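J.: missing the sequence, but the structure's below:
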């Protein structure tokens, strides 16, 4: 099987997309498929560039055995659309932004993270930034289910 290069994208790259990168890596490792993936995350906005994931995101992920502490926020760059096979937006707003900035020959790479293979109607991973800690647990649940569906789809 060939290598799959996946970029997970949210707004600021400190909550949802670093969680998705960490959770997908964890799900792939548990399935013995880590070698098939190159993973990264980014934000459509530059507000948090260089910062680690939100401390609440790190704490919620760590409770599930997933360490996000080595990740640092960055903004989506034009070369990402060439480098990655899939650019996975955490919600429809960021999906639209990505489609606006993607080169015309790369728009097919831009997809919703909760896309094909994910059963519930919900397609947006909600942004937990302005809520409490329970929002991060909800996001982790959605991302774990979405990661399992994505892994199944790709392998």
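T.: In hand now; what should we look at? Predicted, not measured: the structure shown is a model, and the values here were computed from it. Residues are numbered from 1 along each chain as shown.
J.: Look up phi and psi at residue 43.
T.: Per-residue torsions, residue 43: phi -120, psi 160 (degrees, to the nearest 10).
J.: Give the ranges of residues in the protein that sit below the confidence cut-off.
T.: Across the chain, the stretches falling below the confidence threshold (pLDDT under 70) are 1, 117-121.
J.: Please report phi then psi for the residue positioned nearest the centre of it.
T.: In the chain, the C-alpha nearest the mean C-alpha coordinate belongs to residue 8, at 3.0 Å (CA atoms, centre = their mean). Residue 8 adopts backbone torsions of phi -100, psi 130, taken as degrees, to the nearest 10.
J.: How about the contacts made by it?
T.: 16-18, 20-21, 24, 39-42, 88, 90, 113 (CB atoms under 8 Å, 6 or more residues apart in numbering). Every C-beta, even on glycine, is put in place using the N, C-alpha and C of the backbone.
J.: packing partners for the helix or strand encompassing residue 136?
T.: According to DSSP states H and E, residue 136 maps onto helix 133-154. Where contact means 3 or more CB pairs under 8 Å, 6 or more residues apart in numbering; DSSP states H and E, helix 133-154 is packed against helix 16-30, helix 55-62.
J.: repeat that for 10 Å
T.: When contacts are defined as 3 or more CB pairs under 10 Å, 6 or more residues apart in numbering; DSSP states H and E, helix 133-154 packs onto strand 4-10, helix 16-30, helix 55-62, strand 86-89.
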